[in-house]
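Asker: kindly return the folded structure for what I paste below:
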Amino acid sequence: MKRVKANDAVAICVLGNYYYNGEGGITQDHTKGMDLYARSADLGFCNAHYNLASIYYKGGYLKKAKFHLEAAAIVGNEVARDMLGCLEVQSGNMERAIKHWSIAASAGNFTSMNTLRLFFEKGNVSRESIDSTLAAYNSACAEMR
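Answerer: Here you go, the predicted structure:
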């Protein structure tokens, strides 16, 4: 609570998780949890943006979900970038989806790399694109090890 009072974005997001999911002895309160996520997101914490995006996506608010996914992806959340690719496919924009997945895969996101592989097998991704992305993916994974 001291960190929350000091406006620590990570602590505020964690408290938001407790409220939203009813964890840590705190009674579940979705509204309070979302308010805390929004406060953390306003402070620039990408995971708070991602949490809000997930909630909005599940609720069918795709414009709000996309806004928060973009905010999270800009600062390096590869899972958000992967989800943006999925939203772009749903919107019929395959080219943008492939760009999002390529960026996420190049940063080491397995799901995006696997998705690109599947779309390559269907003929939607060029050999040159898949080769360069795979090289970047392998490099990112080696760096993580």
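
Asker: can you list the domains in the protein?
Answerer: 1-75, 77-145 (automatic domain parsing).

Asker: next, the distance between the ends of the first one.
Answerer: In domain 1-75, first residue to last residue: 26 Å (CA to CA, to the nearest Å).

Asker: show me how far that domain is from its chain's centre.
Answerer: Mean-position distance between domain 1-75 and its chain equals 12 Å (CA atoms, centre = their mean, to the nearest Å).

Asker: likewise stretch 91-104?
Answerer: Worked out by CA atoms, centre = their mean, stretch 91-104 lies 14 Å from the chain centre.

Asker: now do the buried residues in the helix or strand containing residue 119.
Answerer: Using DSSP states H and E, residue 119 maps to helix 110-121. Going by neighbour count (16 or more other CB atoms under 10 Å), the buried part of helix 110-121 is 111, 112, 113, 115, 116, 117, 119, 120. Where C-beta positions appear, they are placed from N, C-alpha and C, glycine not excepted.

Asker: next, the buried residues of the helix or strand bottoming out on mean pLDDT in the chain.
Answerer: In the chain, no helix or strand scores lower on mean pLDDT, DSSP states H and E than helix 2-5, which sits at a mean of 91. By neighbour count with 16+ other CB under 10 Å, helix 2-5 contains the buried residues residue 4.
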